[in-house]
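Visitor: from the sequence below, what's the structure:
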Amino acid sequence: MTIIKINKDEKHDLEFKQSWRDEYLKWICAFANTHGGSLYIGVMDNGEICGLKDYRKLSTDIPNKILQSMGLICEVGLLDAAGKKYFRIDVEKYPFPVSYHGKYYKRSGSTTQEVVGNELDKMILVVQGRTWDSVPVPNVDVNDLDNNSIKIFKKMALDHNRLDREALDVPTDVLLRNLRLYENDYLTRAAVMCFHPDPEKWVTCAYTKIGFFADNDADIIYQDEVHGSLIMQVEKTMDLIYTKYMKALISYEGIHRKETFFFPKEAFRELLLNAVIHRDYTRPTPIQIRVYAHKIRIWNIGKMPVDVPVEKLFKPHSSEPRNPNIANVFFKAGYVESWGRGYKNISDICKFRKAKLPIPEENSGGLVVDCPPSKQYMDAEKKQGKIILDEETINPTINPTINPTIKLTDTQQTILAEISRNSSITQAKLATILKIQRSSVSECMSKLQKLGVLKRVGSNKNGYWEIIEKK
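Guide: Numbering: from 1, shown residues only. Predicted coordinates for the structure are as follows:
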């Protein structure tokens, strides 16, 4: 017997069913609510056409059931393959939400899922041709916005030639209308997110969380939360990470002081902007940044678009910003060059700085990106006798010249790490970094001295700390 197959795989807009069941009306509902699609009846999962015996009755039943249950008119075609009869039901994407028995369904990859809660709200917006950030917000006006955020936007837009002075020298409400941040007489969510001093009044967890971790994720040394408008969050977060959280190696070229970070500042700024622009703000989870001695990780909630999987990020791809109105504000301010080029810019920056590319991965309903240290940075650390990284684990360790038989606590290792960066660091400063009592720092350092790992050179006022190498 000749086997006839449809040489296609099931995906978001294609489904095979061996026989008809009324529950497959959910699949038709899902196609109508997503991108449209085709449902084959009388075809096995592998694409093999098996045919239908009751095709005459189904020729009438299927169109009637679709119309009666959902009010849809779909093309139901009866096809023939070597005497085997099967159906192809073509479903168009509808401009309004379609329900089946009071429930809504959508396609996600090759599966059909019921849509509820926030996902239902988003689906309704999508089928109406709207986005989450275009929804108007009542009881807030232009006088409630943060003037500093607006000033920064204007300066950036002018400096990057995205808007000329004539376009910027207008009342704030006119500027926001020109940026499409009004819906009739109401400011939109995009306006509130980008320019209001406290967007968390309307959007839960609309902030950025930063933490410095020891070699174990459970051992957080210190942390910060960055609140305010999205524009201010970007500025404050970058300042915190590259002044408080990431330590630069200092070198000199002639009389010029040079700072080297283990991951380029410009590249991380692109990652942060991607997180801010593409985050799913319907989910009550902040952007999270974990900083280690030799690695930085950024995570934001929100699944990748179906047409832009993670493996395509560093390749040319279409741009599908989840929040296009927020994206437009950052584009007009010059924060981003153009949509869909963020990872291309990151790749170019890393190549120019001789840094390693970040590693993106879908994780926990969002996108997590690990930023490893550059070889240039690690070589500079070795040259200066600083902490040396285990390339496999990318975790902070103590100086390897210390006797390996000595077991140190995470706090003791962190103290040695800070001393290796700044031998004149005070106990008060260490207490601030570690967020523990100064007496606890003093006790740890006394133990390190007794272990023969650390010694004080010179007076308490003018001396410095020295890490003792093994013989």
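Visitor: residue boundaries of the helices in the stretch 251-400 of the chain?
Guide: 265-278, 324-332, 342-353, 375-383 (DSSP state H, counting those that start in this stretch).
Visitor: quick one: the last one to helix 342-353, angle?
Guide: Direction vectors for helix 375-383 and helix 342-353, defined by axes from the mean of the first three to the mean of the last three CA atoms, to 10 degrees, enclose an angle of 40 degrees.
Visitor: repeat that for the second one.
Guide: In this structure, helix 324-332 runs at an angle of 30 degrees to helix 342-353, with the same axes, to 10 degrees as the basis.
Visitor: about what we covered before: out of the helices of the stretch 251-400 of the chain, which is closest to residue 10?
Guide: Ranking these by their distance to residue 10 (criterion: CB to CB) puts helix 265-278 first, at 27.7 Å. Every residue, glycine included, has its C-beta placed from N, CA and C.
Visitor: so how far is the closest one off the chain centroid?
Guide: 9 Å (CA atoms, centre = their mean, to the nearest Å).
Visitor: so what touches it?
Guide: 230, 233-234, 237-238, 241-242, 287, 289, 296, 298-300, 302, 321-323, 326-327, 330, 335-336, 342-343, 345-346, 349-350, 353, 355, 358, 367, 369, 371 (CB atoms under 8 Å, 6 or more residues apart in numbering).
Visitor: at 7 Å instead, please
Guide: Contacts of helix 265-278 from elsewhere in the structure, counted by CB atoms under 7 Å, 6 or more residues apart in numbering, are 230, 233-234, 237-238, 242, 287, 296, 298, 300, 302, 321-323, 326-327, 330, 335-336, 342, 345-346, 349-350, 355, 358, 369, 371.
Visitor: what of stretch 89-108?
Guide: Here stretch 89-108 has contacts from 12, 25-26, 28-39, 41, 62, 69-70, 72, 74-76, 112-115, 120, 123-124, 127, using CB under 7 Å, 6+ apart.
Visitor: in that stretch, what counts as buried?
Guide: 89, 91, 94, 97-100, 104-107 (16 or more other CB atoms under 10 Å).
Visitor: distance between the ends of it?
Guide: 19 Å (CA to CA, to the nearest Å).
Visitor: what's the closest of the helices of the stretch 251-400 of the chain to residue 430?
Guide: When the helices of the stretch 251-400 of the chain are ranked by proximity to residue 430 (CB to CB), helix 375-383 comes first, at 20.3 Å.
Visitor: just how off-centre is the closest one within its chain?
Guide: Counting by CA atoms, centre = their mean, helix 375-383 comes out at 29 Å from the chain centroid.
Visitor: go on, stretch 44-54?
Guide: Distance, centroid of stretch 44-54 to centroid of chain: 42 Å (CA atoms, centre = their mean).
Visitor: mind giving me the PyMOL select for the contacts of stretch 89-108, buried ones only?
Guide: Buried residues among the contacts of stretch 89-108 (16+ other CB under 10 Å), as a PyMOL selection:
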select buried, resi 12+25+26+28+29+30+31+32+33+34+35+36+37+38+39+41+62+69+70+72+74+76+112+115+120+123+127
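Visitor: if you look at the contacts of stretch 89-108, which of them are in helices?
Guide: With DSSP state H as the criterion, helices contain 25-26, 28-33, 62, 69-70, 120, 123-124, 127 from among the contacts of stretch 89-108.
Visitor: shaky segments in the stretch 251-400 of the chain?
Guide: 251-255, 338-340, 384-400 (pLDDT under 70).
Visitor: go with 50
Guide: Residue ranges of the stretch 251-400 of the chain with pLDDT under 50: 387-400.
Visitor: where along the stretch 51-200 of the chain do the strands fall?
Guide: Assigned by DSSP state E, counting those that start in this stretch, the strands in the stretch 51-200 of the chain fall at 75-81, 84-91, 99-100, 103-108, 111-115, 182-183, 186-187.
Visitor: for these, which one sits closest to residue 362?
Guide: strand 103-108 (13.2 Å).
Visitor: of the strands of the stretch 51-200 of the chain, which approaches residue 383 most closely?
Guide: strand 103-108 (50.7 Å).
Visitor: each with direction, which strands does that closest one pair with?
Guide: Counting by DSSP bridges, the strands paired with strand 103-108 are strand 99-100 (antiparallel), strand 111-115 (antiparallel).
Visitor: output the ones you listed in CSV, with mean pLDDT appended to each entry.
Guide: What follows is the strands paired with strand 103-108, written out as CSV (pLDDT from 0 to 100):
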stretch, mean pLDDT
strand 99-100, 92
strand 111-115, 90
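Visitor: switch the ones you listed over to a markdown table; also include distance to residue 461.
Guide: Shown next, in a markdown table, are the strands paired with strand 103-108 (distance: least, CB to CB, whole Å):
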| stretch | distance to residue 461 |
| --- | --- |
| strand 99-100 | 76 |
| strand 111-115 | 67 |
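Visitor: rewinding a little: what about the contacts of helix 265-278, which are in strands?
Guide: 287, 296, 298, 300, 369, 371 (DSSP state E).
Visitor: ok, for residue 178, nearest residue in space, not its chain neighbours?
Guide: residue 167 (6.9 Å; CB to CB, 6 or more residues apart in numbering).
Visitor: distance of that neighbour relative to residue 198?
Guide: 28 Å (CB to CB, to the nearest Å).
Visitor: how about residue 43?
Guide: Applying CB to CB to residue 43 and residue 198 gives a distance of 55 Å.
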